[in-house]
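Asks: what's the 3D shape of this:
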Amino acid sequence: MCGRYTLKTPTPKLADHFEVQLDLEIEARYNIAPTVEVLAITQVEGQRQAELLRWGLIPSWAKDEAMGARLTNARSETAAEKPSFKTALRRRRCLIPADGFYEWRTEGGAKQPYYFTLPDEGVFGFAGLWETWQPPQTAGPRPAIHTCTILTASANQFMGQYHDRMPVIIPPDQYDLWLDPRMIEPAAIAPLLVSSPEDRLVARPVGKYVSNARNQGPDCIAPLSAPTTLFG
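Replies: So this is what the prediction gives:
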């Protein structure tokens with residue numbers, strides 16, 4: 001699964017990496033949690049665009065927005081069949097920029113947070129889906145809400161030391177394929193919905209400060225020891 005992540009990469013680097021225009025300065029965030037607005041990259045009429053989406057997908061047919069809090073992640077193995085995700089998987093895919101994410105492992109009866117990054121701590125793109133939900137107008141006009149979810153896959157051997165699931169990370173050379181709205185058959189994008197290679201991520205334990213979603217800042221990622229890898 002993916003329940004918390006970071007995005008602290010400077011705005012110019014984000015724009016370069018995702019080949020998108022970013023008109024606003026993106027503030028560094030060290031503890032992004034569900035139900036808040038997050039940066040997402042979509043593609044419209046052949047052009048990539050950056051927008052803010054609420055993390056927690058609300059299907060277009062949902063009766064109320066509370067459903068979004070339960071749909072922050074989508075299992076890649078079943079997304080093509082699930083009513084909440086199947087249309088978005090075909091027509092509304094996005095990239096959700098991140099440069100790290102957290103998981104918690106029980107150690108000595110307590111939950112120990114770990115911070116996962118690329119070896120160079122660079123930016124990457126989670127596989128995401130997005131939807132638009134129109135609130136009921138019974139209490140007067142209300143704007144549409146644009147939301148998203150992060151796809152997950154079974155953990156690879158490295159990640160399996162910490163959790164049985166992991167977020168799907170799209171390789172940069174596959175961004176075009178993932179975002180292309182013409183690819184409406186699940187089989188066309190299925191090869192992308194897999195766990196990352198064993199050497200793609202490193203992990204380090206961090207302090208429990210990050211466990212409170214209200215806490216922000218560099219203290220969230222302060223290391224307790226040297227990074228760990230599958231063989232370290």
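Asks: Check whether Tyr195 sits in a helix, strand or coil.
Replies: Careful, residue 195 is Ser and not Tyr. Following DSSP: H, G, I helix; E, B strand; the rest coil, Ser195 is assigned to coil.
Asks: Touching, it and Ala153? I think so.
Replies: Yes - using C-beta atoms under 8 Å, Ser195 is in contact with Ala153, at 4.6 Å. Any C-beta I mention is one placed from the backbone N, CA and C, and that applies to glycine too.
Asks: Same question for the longest helix along the chain: list its buried residues.
Replies: Determined from DSSP state H, the single longest helix within the chain is helix 11-18. Residues Thr11, Leu14, His17, Phe18 are the ones in helix 11-18 that count as buried (16 or more other C-beta atoms under 10 Å).
Asks: Next secondary structure after that helix?
Replies: The helix or strand immediately downstream of helix 11-18 is strand 29-32, counting by DSSP states H and E.
Asks: Parallel or antiparallel, list what pairs with that next one.
Replies: Looking at strand 29-32 with DSSP bridges, its partner strands are strand 5-7 (antiparallel).
Asks: buried set for the strand it pairs with?
Replies: Tyr5, Thr6, Leu7.
Asks: for Thr149, what are its contacts?
Replies: Counting by C-beta atoms under 8 Å, 6 or more residues apart in numbering, Thr149 makes contact with Trp55, Gly56, Leu57, Leu71, Thr72, Asn73, Ala74, Phe85, Ala88, Gly128, Leu129.
Asks: if we go to 10 Å?
Replies: Neighbour list for Thr149: 2, 34, 53, 55-58, 68, 71-74, 79, 84-85, 88, 94, 96, 126-131 [criterion: C-beta atoms under 10 Å, 6 or more residues apart in numbering].
Asks: Checking the closest residue in space to it that isn't next to it in sequence next. Helix, strand or coil?
Replies: Of all residues not flanking Thr149 in the chain, Leu57 sits nearest, at 3.9 Å (C-beta to C-beta, 6 or more residues apart in numbering). Counting by three-state DSSP, the backbone at Leu57 sits in coil.
Asks: correct me, but Leu57 touches Thr87?
Replies: No - between Leu57 and Thr87 there is no contact under C-beta atoms under 10 Å: 11.1 Å.
Asks: Now the common contact residues for the two.
Replies: Common neighbours of Leu57 and Thr87 (criterion: C-beta under 10 Å, 6+ apart): Leu129, Glu131.
Asks: list the helices and strands the helix or strand where Leu89 lies packs on?
Replies: Using DSSP H and E, Leu89 sits within helix 86-91. If contacts are counted by 3 or more C-beta pairs under 10 Å, 6 or more residues apart in numbering; DSSP states H and E, helix 86-91 sits against strand 124-133, strand 145-154, helix 186-189.
Asks: how many other residues sit next to the residue nearest to Thr149?
Replies: Leu57: 28 surrounding residues under other C-beta atoms under 10 Å.
Asks: Perfect, that will be all.
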